[in-house]
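1. Just the structure for this:
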Amino acid sequence: MPRPFEDDPRFRADPADGFAAPDQTAGRQLRASKKDTGTTSASRAWQQQLARLERLQQQLDDLELLAKHEREWRSRELQPLRQRRRELMVALTQGLAERLQDKVLSERQRQVARERVCALAAQLADEGDAGMRELHDRYSPHSWQERRRDAAQDLRLKLEARLGEVLDLGDAPLSPELVWRVGLEKLRELQEGRREQRQERAQARQTRRGQLQAQALLQVQAAEADRTLRQLYRQLASAWHPDREPDEQERQRKTALMGQVNAAYERQDLLALLRLQDQAMQDGRGSLDRRQADERLAAMTLLLRRQVAERERARAALQSELGLEFDLPLGQAAQPQTLASDRQAKRQALQQQIADRERDLRCLGDVPALKRWLNAPWAA
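-> Next up, the predicted model:
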(Lines give C-alpha, C1' and ligand atoms only; values in the text may rest on other atoms or scores of the structure.)
Protein backbone atom coordinates (compact mmCIF):
# COMPACT_ATOMS: atom_id res chain seq x y z
CA MET A 1 0.00 0.00 0.00
CA PRO A 2 1.54 3.37 -0.95
CA ARG A 3 2.30 5.61 1.96
CA PRO A 4 2.87 9.11 0.58
CA PHE A 5 4.12 10.61 3.85
CA GLU A 6 6.77 8.08 4.87
CA ASP A 7 9.56 9.49 2.67
CA ASP A 8 8.33 13.08 2.50
CA PRO A 9 11.43 15.30 3.05
CA ARG A 10 9.31 17.93 4.75
CA PHE A 11 8.98 15.62 7.76
CA ARG A 12 12.70 14.96 8.16
CA ALA A 13 14.69 16.62 10.93
CA ASP A 14 15.74 20.16 10.15
CA PRO A 15 18.10 22.14 12.43
CA ALA A 16 16.27 25.31 11.38
CA ASP A 17 13.00 24.42 13.07
CA GLY A 18 13.42 21.03 14.65
CA PHE A 19 10.70 19.49 12.51
CA ALA A 20 11.10 19.37 8.74
CA ALA A 21 13.61 19.99 5.97
CA PRO A 22 13.18 23.04 3.78
CA ASP A 23 10.74 22.68 0.93
CA GLN A 24 12.61 24.05 -2.07
CA THR A 25 9.38 25.15 -3.74
CA ALA A 26 7.89 26.87 -0.67
CA GLY A 27 7.13 30.53 -1.25
CA ARG A 28 8.44 30.46 -4.81
CA GLN A 29 5.75 32.78 -6.11
CA LEU A 30 5.68 35.06 -3.09
CA ARG A 31 9.38 35.33 -2.34
CA ALA A 32 10.99 38.54 -3.55
CA SER A 33 13.66 38.14 -6.21
CA LYS A 34 17.23 39.42 -6.03
CA LYS A 35 16.41 41.89 -8.72
CA ASP A 36 13.68 43.35 -6.51
CA THR A 37 15.44 43.49 -3.17
CA GLY A 38 19.12 42.95 -3.74
CA THR A 39 21.13 40.84 -1.34
CA THR A 40 20.93 42.94 1.81
CA SER A 41 20.55 41.34 5.21
CA ALA A 42 17.00 42.70 5.41
CA SER A 43 15.98 41.01 2.14
CA ARG A 44 17.62 37.72 3.18
CA ALA A 45 15.78 37.79 6.52
CA TRP A 46 12.51 38.51 4.71
CA GLN A 47 12.98 35.63 2.28
CA GLN A 48 13.99 33.24 5.08
CA GLN A 49 10.94 34.02 7.20
CA LEU A 50 8.60 33.88 4.23
CA ALA A 51 9.89 30.46 3.20
CA ARG A 52 9.68 29.28 6.82
CA LEU A 53 6.09 30.49 7.14
CA GLU A 54 5.00 28.71 3.98
CA ARG A 55 6.83 25.56 5.07
CA LEU A 56 5.07 25.59 8.44
CA GLN A 57 1.70 26.11 6.80
CA GLN A 58 2.41 23.21 4.46
CA GLN A 59 3.38 21.06 7.43
CA LEU A 60 0.07 21.89 9.14
CA ASP A 61 -1.83 20.97 5.98
CA ASP A 62 0.19 17.77 5.63
CA LEU A 63 -0.44 16.85 9.26
CA GLU A 64 -4.18 17.21 8.73
CA LEU A 65 -3.96 15.01 5.63
CA LEU A 66 -1.70 12.55 7.45
CA ALA A 67 -4.24 12.28 10.29
CA LYS A 68 -7.03 11.61 7.79
CA HIS A 69 -5.05 8.81 6.12
CA GLU A 70 -3.97 7.41 9.50
CA ARG A 71 -7.58 7.16 10.67
CA GLU A 72 -8.46 5.31 7.48
CA TRP A 73 -5.48 2.96 7.80
CA ARG A 74 -6.20 2.16 11.43
CA SER A 75 -9.87 1.62 10.76
CA ARG A 76 -9.04 -0.74 7.91
CA GLU A 77 -6.10 -2.56 9.51
CA LEU A 78 -6.73 -2.53 13.27
CA GLN A 79 -10.49 -2.43 13.74
CA PRO A 80 -11.15 -5.95 12.33
CA LEU A 81 -8.40 -7.31 14.58
CA ARG A 82 -9.87 -5.56 17.62
CA GLN A 83 -13.30 -6.96 16.80
CA ARG A 84 -11.92 -10.49 16.46
CA ARG A 85 -10.00 -10.16 19.73
CA ARG A 86 -13.14 -8.96 21.49
CA GLU A 87 -15.22 -11.87 20.19
CA LEU A 88 -12.60 -14.34 21.43
CA MET A 89 -12.38 -12.61 24.82
CA VAL A 90 -16.16 -12.71 25.27
CA ALA A 91 -16.26 -16.40 24.36
CA LEU A 92 -13.34 -17.18 26.69
CA THR A 93 -14.83 -15.19 29.59
CA GLN A 94 -18.25 -16.81 29.29
CA GLY A 95 -16.81 -20.29 28.78
CA LEU A 96 -14.46 -19.99 31.73
CA ALA A 97 -17.26 -18.64 33.97
CA GLU A 98 -19.23 -21.80 33.23
CA ARG A 99 -16.32 -23.93 34.55
CA LEU A 100 -15.99 -22.10 37.87
CA GLN A 101 -18.00 -24.75 39.74
CA ASP A 102 -16.46 -27.68 37.89
CA LYS A 103 -15.55 -30.34 40.47
CA VAL A 104 -12.69 -31.66 38.35
CA LEU A 105 -10.80 -28.47 39.21
CA SER A 106 -9.06 -27.95 42.52
CA GLU A 107 -10.02 -25.05 44.77
CA ARG A 108 -6.82 -23.28 43.77
CA GLN A 109 -7.60 -23.77 40.08
CA ARG A 110 -11.14 -22.45 40.53
CA GLN A 111 -9.73 -19.38 42.31
CA VAL A 112 -7.34 -18.75 39.41
CA ALA A 113 -10.24 -19.21 36.98
CA ARG A 114 -12.28 -16.57 38.87
CA GLU A 115 -9.36 -14.14 38.76
CA ARG A 116 -9.03 -14.64 35.01
CA VAL A 117 -12.75 -14.21 34.48
CA CYS A 118 -12.59 -10.92 36.39
CA ALA A 119 -9.53 -9.72 34.46
CA LEU A 120 -11.10 -10.48 31.09
CA ALA A 121 -14.49 -9.06 32.10
CA ALA A 122 -12.87 -5.87 33.42
CA GLN A 123 -11.01 -5.32 30.16
CA LEU A 124 -14.22 -5.79 28.17
CA ALA A 125 -16.11 -3.52 30.59
CA ASP A 126 -13.46 -0.83 30.01
CA GLU A 127 -14.42 -1.02 26.34
CA GLY A 128 -18.07 -0.35 27.21
CA ASP A 129 -19.57 -3.84 27.65
CA ALA A 130 -22.17 -3.46 30.44
CA GLY A 131 -22.83 -7.20 30.57
CA MET A 132 -19.18 -7.89 31.29
CA ARG A 133 -19.23 -5.24 34.01
CA GLU A 134 -21.99 -7.20 35.77
CA LEU A 135 -20.08 -10.45 35.29
CA HIS A 136 -16.96 -8.87 36.80
CA ASP A 137 -18.82 -7.59 39.85
CA ARG A 138 -20.44 -11.00 40.37
CA TYR A 139 -17.11 -12.75 40.93
CA SER A 140 -14.77 -9.97 42.09
CA PRO A 141 -14.45 -8.79 45.71
CA HIS A 142 -14.06 -5.26 44.33
CA SER A 143 -16.48 -3.69 41.88
CA TRP A 144 -15.41 -2.60 38.42
CA GLN A 145 -15.96 1.03 39.42
CA GLU A 146 -13.74 0.64 42.49
CA ARG A 147 -11.04 -0.94 40.36
CA ARG A 148 -11.25 1.97 37.93
CA ARG A 149 -10.88 4.52 40.73
CA ASP A 150 -7.85 2.67 42.13
CA ALA A 151 -6.23 2.52 38.68
CA ALA A 152 -6.91 6.22 38.13
CA GLN A 153 -5.46 7.15 41.51
CA ASP A 154 -2.34 5.06 40.84
CA LEU A 155 -1.89 6.71 37.44
CA ARG A 156 -2.40 10.13 39.00
CA LEU A 157 0.34 9.54 41.56
CA LYS A 158 2.76 8.34 38.88
CA LEU A 159 2.08 11.31 36.59
CA GLU A 160 2.32 13.84 39.41
CA ALA A 161 5.65 12.35 40.48
CA ARG A 162 6.94 12.52 36.93
CA LEU A 163 5.65 16.04 36.21
CA GLY A 164 6.38 17.49 39.63
CA GLU A 165 2.93 19.12 39.57
CA VAL A 166 -0.43 18.40 41.17
CA LEU A 167 -3.10 17.56 38.59
CA ASP A 168 -6.32 19.55 38.85
CA LEU A 169 -9.04 17.04 37.89
CA GLY A 170 -11.99 19.25 38.78
CA ASP A 171 -15.30 17.72 39.81
CA ALA A 172 -15.52 15.10 37.04
CA PRO A 173 -15.71 11.41 38.09
CA LEU A 174 -12.24 9.98 38.55
CA SER A 175 -11.17 7.71 35.71
CA PRO A 176 -7.87 6.66 34.08
CA GLU A 177 -8.89 8.44 30.85
CA LEU A 178 -9.49 11.72 32.71
CA VAL A 179 -6.17 11.50 34.55
CA TRP A 180 -4.30 10.72 31.34
CA ARG A 181 -5.89 13.60 29.43
CA VAL A 182 -5.25 16.14 32.20
CA GLY A 183 -1.70 14.82 32.57
CA LEU A 184 -0.97 15.37 28.88
CA GLU A 185 -2.42 18.88 29.05
CA LYS A 186 -0.22 19.65 32.05
CA LEU A 187 2.82 18.28 30.21
CA ARG A 188 2.06 20.58 27.27
CA GLU A 189 1.72 23.57 29.64
CA LEU A 190 5.03 22.78 31.29
CA GLN A 191 6.78 22.45 27.94
CA GLU A 192 5.35 25.78 26.81
CA GLY A 193 6.35 27.36 30.11
CA ARG A 194 9.92 26.11 29.78
CA ARG A 195 10.04 27.49 26.23
CA GLU A 196 8.85 30.88 27.48
CA GLN A 197 11.43 30.79 30.28
CA ARG A 198 14.20 30.15 27.76
CA GLN A 199 12.94 33.05 25.67
CA GLU A 200 12.83 35.30 28.74
CA ARG A 201 16.40 34.34 29.69
CA ALA A 202 17.55 35.04 26.15
CA GLN A 203 15.80 38.39 26.23
CA ALA A 204 17.43 39.20 29.56
CA ARG A 205 20.87 38.40 28.12
CA GLN A 206 20.17 40.67 25.17
CA THR A 207 19.17 43.46 27.52
CA ARG A 208 22.32 43.03 29.59
CA ARG A 209 24.37 43.26 26.40
CA GLY A 210 23.02 46.70 25.71
CA GLN A 211 20.19 45.83 23.32
CA LEU A 212 17.87 48.59 24.51
CA GLN A 213 18.26 50.33 21.18
CA ALA A 214 17.29 47.10 19.43
CA GLN A 215 14.11 47.03 21.52
CA ALA A 216 13.30 50.58 20.46
CA LEU A 217 13.95 49.58 16.86
CA LEU A 218 11.55 46.65 17.22
CA GLN A 219 8.86 49.03 18.39
CA VAL A 220 9.47 51.24 15.38
CA GLN A 221 9.38 48.19 13.13
CA ALA A 222 6.15 47.02 14.71
CA ALA A 223 4.51 50.36 14.00
CA GLU A 224 5.88 50.28 10.46
CA ALA A 225 4.57 46.72 10.06
CA ASP A 226 1.09 47.83 10.99
CA ARG A 227 1.30 50.71 8.51
CA THR A 228 2.55 48.32 5.81
CA LEU A 229 -0.27 45.91 6.47
CA ARG A 230 -2.82 48.71 6.19
CA GLN A 231 -1.22 49.96 2.98
CA LEU A 232 -1.35 46.51 1.43
CA TYR A 233 -4.99 46.19 2.47
CA ARG A 234 -5.87 49.55 0.95
CA GLN A 235 -4.13 48.66 -2.31
CA LEU A 236 -6.13 45.45 -2.55
CA ALA A 237 -9.34 47.24 -1.64
CA SER A 238 -8.67 49.80 -4.35
CA ALA A 239 -8.07 47.06 -6.92
CA TRP A 240 -11.08 44.91 -6.01
CA HIS A 241 -13.69 47.21 -4.48
CA PRO A 242 -16.99 46.03 -6.00
CA ASP A 243 -18.89 49.33 -5.79
CA ARG A 244 -17.12 50.78 -8.83
CA GLU A 245 -17.68 47.70 -11.01
CA PRO A 246 -20.58 48.05 -13.53
CA ASP A 247 -20.57 44.40 -14.63
CA GLU A 248 -22.76 42.30 -12.29
CA GLN A 249 -20.81 39.07 -12.66
CA GLU A 250 -17.51 40.85 -12.10
CA ARG A 251 -19.00 42.69 -9.12
CA GLN A 252 -19.91 39.37 -7.50
CA ARG A 253 -16.39 38.08 -8.08
CA LYS A 254 -14.87 41.20 -6.56
CA THR A 255 -17.26 40.99 -3.61
CA ALA A 256 -16.04 37.47 -2.88
CA LEU A 257 -12.39 38.55 -3.22
CA MET A 258 -12.93 41.53 -0.94
CA GLY A 259 -14.42 39.16 1.62
CA GLN A 260 -11.15 37.23 1.57
CA VAL A 261 -9.14 40.45 1.84
CA ASN A 262 -11.21 41.67 4.81
CA ALA A 263 -10.91 38.32 6.59
CA ALA A 264 -7.14 38.18 6.04
CA TYR A 265 -6.67 41.74 7.27
CA GLU A 266 -8.85 41.13 10.33
CA ARG A 267 -6.64 38.25 11.44
CA GLN A 268 -3.48 40.16 10.39
CA ASP A 269 -2.53 37.33 8.00
CA LEU A 270 0.27 38.80 5.92
CA LEU A 271 0.82 35.60 3.95
CA ALA A 272 -2.80 35.50 2.81
CA LEU A 273 -2.68 39.17 1.79
CA LEU A 274 0.49 38.57 -0.21
CA ARG A 275 -1.17 35.68 -2.03
CA LEU A 276 -4.14 37.89 -2.82
CA GLN A 277 -1.70 40.55 -3.99
CA ASP A 278 -0.18 38.07 -6.43
CA GLN A 279 -3.66 37.23 -7.70
CA ALA A 280 -4.43 40.92 -8.22
CA MET A 281 -1.20 41.36 -10.17
CA GLN A 282 -1.98 38.31 -12.33
CA ASP A 283 -5.43 39.76 -13.00
CA GLY A 284 -3.81 42.98 -14.13
CA ARG A 285 -5.98 44.90 -11.67
CA GLY A 286 -4.02 47.60 -9.95
CA SER A 287 -0.30 48.23 -9.96
CA LEU A 288 0.86 46.95 -6.59
CA ASP A 289 4.54 47.63 -5.92
CA ARG A 290 6.28 44.60 -4.37
CA ARG A 291 9.67 46.29 -3.95
CA GLN A 292 10.40 47.15 -0.36
CA ALA A 293 13.11 49.30 1.15
CA ASP A 294 15.19 47.70 3.91
CA GLU A 295 13.21 49.48 6.62
CA ARG A 296 9.92 48.28 5.15
CA LEU A 297 11.26 44.74 4.77
CA ALA A 298 12.36 44.70 8.41
CA ALA A 299 8.85 45.66 9.47
CA MET A 300 7.28 43.03 7.25
CA THR A 301 9.74 40.43 8.55
CA LEU A 302 8.57 41.19 12.08
CA LEU A 303 5.01 40.36 11.04
CA LEU A 304 6.18 37.15 9.46
CA ARG A 305 8.04 36.15 12.63
CA ARG A 306 4.85 36.57 14.63
CA GLN A 307 2.95 34.33 12.24
CA VAL A 308 5.79 31.79 12.21
CA ALA A 309 5.54 31.58 16.02
CA GLU A 310 1.75 31.15 15.82
CA ARG A 311 2.05 28.33 13.32
CA GLU A 312 4.78 26.64 15.34
CA ARG A 313 2.44 26.62 18.34
CA ALA A 314 -0.40 25.33 16.17
CA ARG A 315 1.82 22.56 14.83
CA ALA A 316 2.91 21.48 18.31
CA ALA A 317 -0.69 21.51 19.55
CA LEU A 318 -1.88 19.45 16.59
CA GLN A 319 0.90 16.91 17.08
CA SER A 320 -0.03 16.58 20.76
CA GLU A 321 -3.70 16.11 19.88
CA LEU A 322 -2.87 13.45 17.30
CA GLY A 323 -0.53 11.71 19.75
CA LEU A 324 -3.43 11.48 22.20
CA GLU A 325 -5.92 10.41 19.51
CA PHE A 326 -3.69 7.60 18.22
CA ASP A 327 -2.44 6.61 21.69
CA LEU A 328 1.22 7.24 20.94
CA PRO A 329 3.82 6.77 23.71
CA LEU A 330 4.19 9.82 25.94
CA GLY A 331 6.45 12.44 24.39
CA GLN A 332 6.37 10.93 20.89
CA ALA A 333 5.33 13.37 18.15
CA ALA A 334 2.81 12.46 15.48
CA GLN A 335 4.91 12.06 12.33
CA PRO A 336 4.66 9.57 9.45
CA GLN A 337 7.43 7.32 10.75
CA THR A 338 6.24 7.27 14.37
CA LEU A 339 2.62 6.68 13.37
CA ALA A 340 3.55 3.88 10.97
CA SER A 341 5.76 2.20 13.60
CA ASP A 342 3.07 2.53 16.26
CA ARG A 343 0.42 1.14 13.92
CA GLN A 344 2.61 -1.83 13.05
CA ALA A 345 3.34 -2.49 16.73
CA LYS A 346 -0.36 -2.38 17.59
CA ARG A 347 -1.19 -4.69 14.68
CA GLN A 348 1.42 -7.23 15.79
CA ALA A 349 0.22 -7.02 19.40
CA LEU A 350 -3.39 -7.61 18.34
CA GLN A 351 -2.39 -10.57 16.17
CA GLN A 352 -0.49 -12.07 19.10
CA GLN A 353 -3.43 -11.51 21.46
CA ILE A 354 -5.77 -13.20 18.98
CA ALA A 355 -3.46 -16.20 18.73
CA ASP A 356 -3.24 -16.39 22.54
CA ARG A 357 -7.02 -16.22 23.01
CA GLU A 358 -7.60 -18.88 20.35
CA ARG A 359 -5.16 -21.14 22.18
CA ASP A 360 -6.83 -20.38 25.53
CA LEU A 361 -10.26 -21.21 24.11
CA ARG A 362 -9.07 -24.61 22.95
CA CYS A 363 -8.12 -25.41 26.53
CA LEU A 364 -11.72 -25.08 27.77
CA GLY A 365 -12.82 -28.29 26.07
CA ASP A 366 -9.88 -30.38 27.30
CA VAL A 367 -9.72 -30.90 31.09
CA PRO A 368 -5.98 -31.78 31.28
CA ALA A 369 -5.16 -28.78 29.04
CA LEU A 370 -7.45 -26.55 31.13
CA LYS A 371 -5.67 -27.57 34.33
CA ARG A 372 -2.26 -26.91 32.76
CA TRP A 373 -3.47 -23.52 31.56
CA LEU A 374 -4.76 -22.56 35.04
CA ASN A 375 -1.51 -23.68 36.64
CA ALA A 376 0.67 -21.70 34.23
CA PRO A 377 1.41 -17.93 34.30
CA TRP A 378 -0.96 -15.92 32.12
CA ALA A 379 -1.53 -12.35 30.99
CA ALA A 380 -4.93 -10.96 30.00
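2. need the next SSE after the top helix by length along the chain, C-terminal direction.
-> For the chain, the helix reaching the highest residue count under DSSP state H is reported as helix 41-77. Moving toward the C-terminus from helix 41-77, the next helix or strand (DSSP states H and E) is helix 79-98.
3. so what does that following helix touch, helix or strand wise?
-> Applying 3 or more CB pairs under 8 Å, 6 or more residues apart in numbering; DSSP states H and E, one finds that helix 79-98 makes contact with helix 107-126, helix 130-139, helix 336-364. For glycine as for every other residue, the C-beta is placed from the backbone atoms N, C-alpha and C.
4. got JSON lines for these, with mean pLDDT and mean neighbour count too?
-> Putting the helices and strands packed on helix 79-98 into JSON lines (pLDDT from 0 to 100; neighbours: other CB atoms under 10 Å) gives the following:
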{"stretch": "helix 107-126", "mean pLDDT": "95", "mean neighbour count": "19"}
{"stretch": "helix 130-139", "mean pLDDT": "95", "mean neighbour count": "17"}
{"stretch": "helix 336-364", "mean pLDDT": "95", "mean neighbour count": "16"}
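5. can I get the ones you listed in JSON lines with distance to K186?
-> Rendered in JSON lines, the data for those read as follows (distance: least, CB to CB, whole Å):
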{"stretch": "helix 107-126", "distance to K186": "23"}
{"stretch": "helix 130-139", "distance to K186": "30"}
{"stretch": "helix 336-364", "distance to K186": "22"}
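6. Count the residues that sit near E54.
-> By other CB atoms under 10 Å, 22 other residues sit near E54.
7. err, R74, not the other one
-> Using other CB under 10 Å as the criterion, R74 is surrounded by 19 other residues.
8. mind checking how far H136 is from L167?
-> From H136 across to L167, the span is 27 Å (CB to CB, to the nearest Å).
9. returning to what we had before: if I take the longest helix of the chain and helix 79-98, what angle do their directions form?
-> 40 degrees (axes from the mean of the first three to the mean of the last three CA atoms, to 10 degrees).
10. by contact count, what packs against helix 41-77?
-> Contact here means 3+ CB pairs under 8 Å, 6+ apart; on that basis helix 41-77 packs against helix 34-37, helix 270-283, helix 294-325, helix 336-364.
11. angle of that helix against helix 270-283?
-> Computed by the same axes, to 10 degrees, the angle between helix 41-77 and helix 270-283 is 100 degrees.
12. buried residues in helix 41-77?
-> Applying a neighbour-count criterion of 16 or more other CB atoms under 10 Å, one finds 42-43, 45-59, 62-63, 66-67, 70, 73-74 buried in helix 41-77.
13. again, but for stretch 320-331
-> When burial is assessed from 16+ other CB under 10 Å, stretch 320-331 yields the following buried residues: S320, L322, G323, L324, F326, L328.
14. what's the domain layout of the chain?
-> Listed domain ranges for the chain are 78-141+337-380, 148-210, 211-290 (source: automatic domain parsing).
15. In a markdown table: those, plus distance to T301.
-> Supplementary listing: the domains of the chain in a markdown table, determined by distance: least, CB to CB, whole Å:
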| stretch | distance to T301 |
| --- | --- |
| domain 78-141+337-380 | 33 |
| domain 148-210 | 17 |
| domain 211-290 | 8 |
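16. phi, psi of A376?
-> phi -100, psi 160 (degrees, to the nearest 10).
17. For it, grab the count of nearby residues.
-> A376 is surrounded by 9 other residues when neighbours are defined as other CB under 10 Å.
18. from memory L178 sits against A151, does it?
-> No: counting by CB atoms under 8 Å, L178 does not reach A151; the two are 11.4 Å apart.
19. if I look at Q279, how far off is R253?
-> Counting by CB to CB, the gap from Q279 to R253 is 11 Å.
20. what's the answer for R267, then?
-> From R267 over to R253 the distance is 22 Å, taken as CB to CB.
21. Compare these two (neighbour count), which wins?
-> R253 (15 against 10).
22. Let's see the pLDDT reported for that one.
-> Among the per-residue scores, R253 shows a pLDDT of 87.
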